[in-house]
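A.B. asks: any chance you could fold what I've pasted below:
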Amino acid sequence: MNTPINDILEKMPWITLDEMENIHLMDRVDSKFVAPLSLLPQLLEEMLPYFKVQITNGKRIAPYCTQYLDTPELDMFVMHQNGKLNRQKIRIRSYIDSHISFLEIKNKNNKGRTKKIRVPIDQSHVQTVNELENDKLFLENNSLFDTERLEPVLENNFNRITLVNNRETERITIDMDLSFLNYKTGKTKLMDNLVILELKQDGWQRSDLRDILNKLRIKPQSFSKYCMGTVLTNPNLKYNRFKRKWTLINKITQ
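C.D. replies: Predicted structure coming up:
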């Protein structure tokens, strides 16, 4: 693990996972930013006076795994590629250190709000949707898609830092060491020089993080792990909407 990053996080006040329960912001406005990993130590130094870091099992950096479900035609990817504003993603999100997994549905509406609903499950991975057994009802009641046609298509692993500002009005996630595995093509992709920051707020308001990012000249940049991972591991897909974004990300990381 990156020693300079750990050293800075050790100096930051901390908050427990239980204390973060009231700051999950499941119905929220998200803003994403992309930066090179080399800039992260400076960013964290700037954040020290204003933020607390979440600590889980004594650790300030936590490994995550996500398994995405989609239809055989990748309808959820296509919705994003075609610019549909009301869209949905379905995934199994696993917190590796805590041995906890959730089946999650993320809905994004045309007003820019993200609403996430989820149920705890025993599995971190499935080979077919039928393995979800009783939890299939959750999908049937909330998914825009035919549950029987859903299947695992992509796996994503990363390490995450979670922070909350001292005023507890915004939550920040910082994801790094991203890797992808495409179940359809068997291809993998590592993005270990990139950092994805996500600002979660109840609504549009002043942000401690935005003030720091403006100072460091880091601009908002949408980034879908599912869509980008799919593009990078499946060369047969149409992905015109993401070509400019990928060029920009390459420029940032170089």
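A.B. asks: low-confidence regions, the stretch 101-250 of the chain specifically.
C.D. replies: Along the stretch 101-250 of the chain, the model assigns pLDDT under 70 to residues 112, 203-204.
A.B. asks: for it, just list every one of the strands.
C.D. replies: Using DSSP state E, counting those that start in this stretch, the strands of the stretch 101-250 of the chain run over 113-121, 151-165, 170-182, 188-191, 194-201.
A.B. asks: rebuild the ones you listed as CSV, extending it with mean neighbour count and distance to residue 209.
C.D. replies: Where you see a C-beta, it was placed from the backbone N, CA and C, and this is true even at glycine. Listed next are the strands of the stretch 101-250 of the chain as CSV, based on neighbours: other CB atoms under 10 Å; distance: least, CB to CB, whole Å:
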stretch, mean neighbour count, distance to residue 209
strand 113-121, 15, 17
strand 151-165, 20, 7
strand 170-182, 20, 6
strand 188-191, 15, 22
strand 194-201, 21, 5
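A.B. asks: residue 64: which of those strands is closest?
C.D. replies: With respect to residue 64, and counting by CB to CB, the nearest of the strands of the stretch 101-250 of the chain is strand 151-165 at 5.4 Å.
A.B. asks: I'd like to know which elements that closest one is packed against.
C.D. replies: strand 51-55, strand 62-70, strand 170-182, helix 225-233 (3 or more CB pairs under 8 Å, 6 or more residues apart in numbering; DSSP states H and E).
A.B. asks: so can I have CSV of those showing distance to residue 128?
C.D. replies: Below are these laid out as CSV (distance: least, CB to CB, whole Å):
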stretch, distance to residue 128
strand 51-55, 34
strand 62-70, 10
strand 170-182, 17
helix 225-233, 19
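A.B. asks: residue 84: which of those is closest?
C.D. replies: The closest of the helices and strands packed on strand 151-165 to residue 84 is helix 225-233. By CB to CB, the value is 12.1 Å.
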